[in-house]
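Novice: whatever this is, show me its structure:
(one chain, ligands or ions: 1)
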Amino acid sequence: MKSVCVFLGSSDGNHPAYARATAELGRELAQRRITCVYGGSRTGLMKILADSVLGEGGEVVGVTVQLLKDKEEFHRGLTRLHVVSTMHERKNLMIELSDAFLALPGGIGTLDELFEVCTLSQLGFHAKPCGLLNVNGFFEPLRAMLVTAEREGFMKRPMHDALDVALDPAGLLDMLQRRIPSLT
Ligand code: AMP
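Specialist: Numbering: from 1, shown residues only. Model (predicted):
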């Protein structure tokens, strides 16, 4: 596993555990020499992640859109910054550049990206694994919703097949890595 795309809040969240887990993930990615792909922002958990990877000597690739770049909403210290025209192109490039995906706590943007990646996987457009870092039980309501969808017969495959879930970054990266042994 050479690169992981991380979807996460452009805000900090209300609890210090979010920033702590984000920084820990950044260190873990850098130590494993896994390139971090993310949205390129300089705010919230997104900034904390990029700073943590870079601080540990790792590589961070940002993928942003011209509109956000024009508003100066991008991190200036990244290893590389891709700038595309539309949000659609942006998501496609993030998917192309990454071997796996993981979501941390965040809002609408994070959830949108997570579900797009899962939907494309379910339809067979890619076969890359996806995981949730369940900091502070943040994703419990989402898991409950997916369990309901499964129980009611709306899931194409069991939730545990579609998404790995872990409480700590190292454990989650191990789980994702096991799903793509050919790239280890
Ligand atoms: P949210 O969870 O609503 O804060 O949105 C965060 C997600 O949306 C991130 O994973 C980003 O990919 C994207 N996003 C939100 N704000 C920005 C921004 N200023 N620059 C780049 N991407 C952003």
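Novice: next one: phi and psi at the nearest residue to residue 136 once chain neighbours are set aside?
Specialist: Distances taken as CB to CB, 6 or more residues apart in numbering put residue 17 closest to residue 136, at 4.9 Å, once the chain neighbours are dropped. From N, CA and C alone the C-beta is placed, and that goes for glycine too. In terms of degrees, to the nearest 10, the main-chain angles of residue 17 are phi -60, psi -30.
Novice: surely residue 17 is in contact with residue 137?
Specialist: No: Residue 17 is beyond contact range of residue 137, at 10.0 Å (criterion: CB atoms under 8 Å).
Novice: settle it for me: which of the two has more neighbours?
Specialist: Ranked by neighbour count (other CB atoms under 10 Å), residue 17 and residue 137 place residue 17 first, with 14 against 10.
Novice: hey, which helix or strand in the chain has the poorest pLDDT?
Specialist: helix 159-162 (a mean of 84; mean pLDDT, DSSP states H and E).
Novice: the residue lying farthest from the centre of the chain and the ligand, how far apart?
Specialist: Here the chain reaches farthest from its C-alpha mean at residue 152, the gap being 27.9 Å by CA atoms, centre = their mean. Using CB to the nearest ligand atom, to the nearest Å, residue 152 is found at 27 Å from the ligand.
Novice: where do the helices sit along this structure?
Specialist: 16-31, 44-55, 66-70, 87-97, 108-122, 140-151, 159-162, 169-179 (DSSP state H).
Novice: lowest-confidence stretch among the ones you listed?
Specialist: Lowest mean pLDDT within the helices of the chain: helix 159-162, at a mean of 84.
Novice: give me the contact list for that one.
Specialist: 118, 121, 122, 130, 143, 146, 147, 150, 155 (CB atoms under 8 Å, 6 or more residues apart in numbering).
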